[in-house]
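# generate coordinates for the sequence data below:
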Amino acid sequence: MKTQAAVCVFVLTLAGGIAWAQDEEAARRAQAQDAARLAEAITPLKIDVTISRIEATSRKTISRLAYTLMVNANEDDWSTLNMGAQVPVRMTMTPSVDGKPVQGLVEAGPVQYRQVGTSINARASTLDAGRFSLEVRIEDTSVYEGGQGEPRNPVFRTFTATNQLVLRDGQSIQFTAAADRVSGEVVQAEVTLTVLK
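Below you'll find the predicted structure:
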């Protein structure tokens, strides 16, 4: 009787160990399949963004700035690029006498800093037939050199665009063009998507 009980305990222990090993192996296989699916789903992309300023009447290109971001398609996170500088701007004040402003007299006030430069955010997801849905946000702020303001009172201009594009590998598209009210220049943004092998 004791021998039979020992054999039963041994068989149950062995069966439990085999079942545990099978569960472990199944969990490892499922984890490997999930990792393989994730590796297939995440596709590395190179996103080239070019921002051009074109003189309205002559159509001459005044500036052409190129930026590159790496984006992993099907990741929720945004890829971000920020390039810029802080520009000092001296504030001015009109003095007053007995609570009344003195006309024609201006005093220098404190210096404040204004951010200028370019900020680009992008993210992508895969579609069918080798296409990608690409969301791009651009903000470009600069000092207007041709402004009539005094050097201590510069004129700032900002160009902002957000768009969702459908692109294939190697495809370029001009996704926006707008006239600058201050200068009359045309601002264009072009995007190229390249799948990294």
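
# and the residue nearest the centre of the chain, what is it in contact with?
In the chain, the residue lying closest to the centroid (Cα atoms, centre = their mean) is residue 121, at 1.3 Å. Contacts for residue 121 (Cβ atoms under 8 Å, 6 or more residues apart in numbering) come out as 78-81, 136-137. In short, each C-beta sits where N, CA and C put it, glycine included.

# so which of those wins on neighbours?
residue 136 (23 neighbours; other Cβ atoms under 10 Å).

# next, the buried residues of the helix or strand hosting the residue nearest to the centre of the chain.
Using DSSP states H and E, residue 121 sits within strand 107-126. When neighbours are counted by 16 or more other Cβ atoms under 10 Å, the buried residues of strand 107-126 are found to be 116, 118-124.

# low-confidence stretches in the chain?
For the chain, applying pLDDT under 70 flags the ranges 1-21, 32-40, 93-95, 102, 104-107, 146-152.

# quick one: the strands in it?
Here the chain has its strands, by DSSP state E, at 43-54, 61-73, 79-93, 96-97, 100-101, 107-126, 131-144, 155-168, 172-179, 186-195.

# given the last one, what are its sheet partners and their directions?
Right, the one you point to is strand 186-195. strand 43-54 (antiparallel), strand 172-179 (antiparallel) (DSSP bridges).

# swap in the third one?
Using DSSP bridges, strand 79-93 pairs in its sheet with strand 107-126 (antiparallel).

# could the strands of the chain go into TSV alongside distance to residue 28?
What follows is the strands of the chain, written out as TSV (distance: least, Cβ to Cβ, whole Å):
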stretch	distance to residue 28
strand 43-54	26
strand 61-73	26
strand 79-93	33
strand 96-97	79
strand 100-101	79
strand 107-126	27
strand 131-144	33
strand 155-168	37
strand 172-179	44
strand 186-195	31
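
# coming back round to it: winner for burial among the strands paired with strand 186-195?
The highest average neighbour count among the strands paired with strand 186-195, using mean count of other Cβ atoms under 10 Å, belongs to strand 43-54 at a mean of 18.

# for residue 100, give the beta-bridge partners.
residue 97.

# gap between it and residue 108?
From residue 100 across to residue 108, the span is 21 Å (Cβ to Cβ, to the nearest Å).

# before we move on, what about residue 178?
Distance from residue 178 to residue 108, by Cβ to Cβ: 36 Å.

# equivalent analysis for residue 157, please.
Remark: distance between residue 157 and residue 108 (Cβ to Cβ) = 24 Å.

# likewise for residue 136?
To residue 108, residue 136 is 41 Å away according to Cβ to Cβ.

# do the same with residue 183
For residue 183, the distance to residue 108 (Cβ to Cβ) stands at 28 Å.

# got a list of what the nearest residue to residue 169 once chain neighbours are set aside touches?
Leaving aside its sequence neighbours, residue 169 sits nearest to residue 195 (Cβ to Cβ, 6 or more residues apart in numbering; 4.3 Å). Residue 195 sits next to 43-45, 169 when contact means Cβ under 8 Å, 6+ apart.
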